[in-house]
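>>> just coords:
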């Protein structure tokens, strides 16, 4: 998780994101804040134009690597809004100091939000409950960690989440919490879903209408849940809201390299074969029972009403 990574510089943050050493929508937003903060505290700038140029580079790199992550965009948006708020002639040291403080607030708020939503989500889990989960996110794991600390006796049906099988990270954490895990292939979801009481998944981005972008397979699980009459909850801090969707901009659903799903020698020839590694999908809001947030379990359609006060709180 992000708090375990010792970032050395803004470029180090970018490299860690590129190498997939940062996982989950919340850590990506915090990583972006760390990159801007490290630039402000470690580097020297002659003027605001030079600082903006540096921020432009950091923003471009991070958003090109993880275009689906609204948390990166939100960190960028808040930093630029703060940058544009200073009157002409303000000392560059004052500007970098205040932006550094803003980034620290973003990081601390995100960590606190994940803890609070975990407590809220844990209340949905009752003794003897079986929960199905998919992929990995710090918000998702916060729910299970809080439930375990409350002494709840429950078990997990954990999907692989191919191609990178991020759920292995979740399974290791659950082992440490002494929570029983049934680890299944993604193709086995329909077979095992009747055995669960509810489904909890994470989110990488939330649209203005409450629909959710998350690891490929999330939309499939939520659709199957309708047939099985199983409630679907999404664990996510409000900071994952992509405000651009309010103006009709679609969420960019990332595709990754085909090399993650096809190895050399799998086919005699690639002629006529197109390999698509679709990494994220979009779950419609009507397939989601509720969003588990730091402000409680809310209807997906209510997510947009929570942004303005959060932005004001972070900008200070």
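Structure's in. What do you need? Worth saying up front: this structure is predicted, and the values here are computed from it rather than measured. Numbering: from 1, shown residues only.
>>> for the stretch 101-250 of the chain, what spans make up the helices?
Counting by DSSP state H, counting those that start in this stretch, residue ranges of the helices within the stretch 101-250 of the chain are 138-149, 167-176, 189-192, 218-228.
>>> out of those, deepest packed?
Among the helices of the stretch 101-250 of the chain, helix 138-149 has the highest mean neighbour count (mean count of other Cβ atoms under 10 Å), at a mean of 24. Yep, even glycine has a C-beta here, placed from its N, CA and C like the rest.
>>> tell me what that one is packed against?
Packed against helix 138-149 by the contact rule (3 or more Cβ pairs under 8 Å, 6 or more residues apart in numbering; DSSP states H and E) you find helix 25-42, helix 92-122, strand 129-133, helix 167-176, strand 198-202, strand 232-235.
>>> Just checking the distance from the longest one to the centre of its chain.
Read it as helix 92-122. Using Cα atoms, centre = their mean, to the nearest Å, the mean C-alpha position of helix 92-122 is found 15 Å from that of the whole chain.
>>> what's the angle from it to helix 25-42?
For helix 92-122 against helix 25-42, the angle between stretch directions is 160 degrees (axes from the mean of the first three to the mean of the last three Cα atoms, to 10 degrees).
>>> again with the third one
Orientation note: strand 129-133 sits at an angle of 60 degrees relative to helix 25-42 (the same axes, to 10 degrees).
>>> So what touches strand 129-133?
125, 140, 144, 152, 154-159, 167, 170, 189, 192-193, 195-201, 221, 230 (Cβ atoms under 8 Å, 6 or more residues apart in numbering).
>>> same deal with stretch 77-84?
Residues external to stretch 77-84 that are found in contact with it (Cβ under 8 Å, 6+ apart): 33, 36, 48, 51-52, 55, 95, 98-99, 102-103, 106, 243, 311, 314-315.
>>> repeat that with 7 Å
Taking contacts as Cβ atoms under 7 Å, 6 or more residues apart in numbering, the residues outside stretch 77-84 that touch it are 36, 52, 55, 95, 98, 99, 102, 103, 106, 311, 314, 315.
>>> Which positions within it qualify as buried?
78, 79, 80, 82, 83 (16 or more other Cβ atoms under 10 Å).
>>> Please report how far the closest residue to residue 153 other than its chain neighbours lies from residue 160.
Counting by Cβ to Cβ, 6 or more residues apart in numbering, residue 127 is the residue found nearest to residue 153 once chain neighbours are left out, at 5.0 Å. Applying Cβ to Cβ, to the nearest Å, the value for residue 127 to residue 160 is 27 Å.
>>> Tabulate the contacts of stretch 77-84 (CSV), appending pLDDT and distance to residue 119.
Compiled in CSV, the contacts of stretch 77-84 are given as follows (pLDDT from 0 to 100; distance: Cβ to Cβ, whole Å):
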residue, pLDDT, distance to residue 119
36, 98, 29
52, 98, 39
55, 98, 35
95, 98, 37
98, 98, 32
99, 98, 31
102, 97, 26
103, 97, 26
106, 97, 21
311, 92, 24
314, 95, 21
315, 93, 26
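>>> ok, residue 127 and residue 160, which is more surrounded?
Set side by side, residue 127 and residue 160 show more neighbours around residue 160, with 20 against 10, by other Cβ atoms under 10 Å.
>>> what's the first-to-last distance across stretch 265-278?
For stretch 265-278, the separation between the terminal residues is 21 Å (Cα to Cα, to the nearest Å).
>>> Let me see the contact set for the nearest residue to residue 284 once chain neighbours are set aside.
What sits nearest to residue 284 in space, not counting adjacent residues and going by Cβ to Cβ, 6+ apart, is residue 211, at 5.2 Å. Taking Cβ under 7 Å, 6+ apart as the definition of contact, the neighbours of residue 211 are 282, 283, 284, 285.
>>> quick one: the strands in the stretch 151-300 of the chain?
Residue ranges of the strands in the stretch 151-300 of the chain, as given by DSSP state E, counting those that start in this stretch, are 154-159, 181-184, 198-202, 205-206, 212-215, 232-235, 255-256, 277-278, 280-283, 290-293, 296-298.
>>> quick one on the thing from earlier: and the pLDDT at the residue nearest to residue 153?
On the pLDDT scale, residue 127 is placed at 97.
>>> So it versus residue 155, what's the distance?
In this structure, residue 127 and residue 155 are 11 Å apart, going by Cβ to Cβ.
>>> Spatially, what comes nearest to residue 166 if we skip its sequence neighbours?
Taking Cβ to Cβ, 6+ apart as the measure, residue 166 lies nearest to residue 136, with 4.0 Å between them; neighbours along the chain are not counted.
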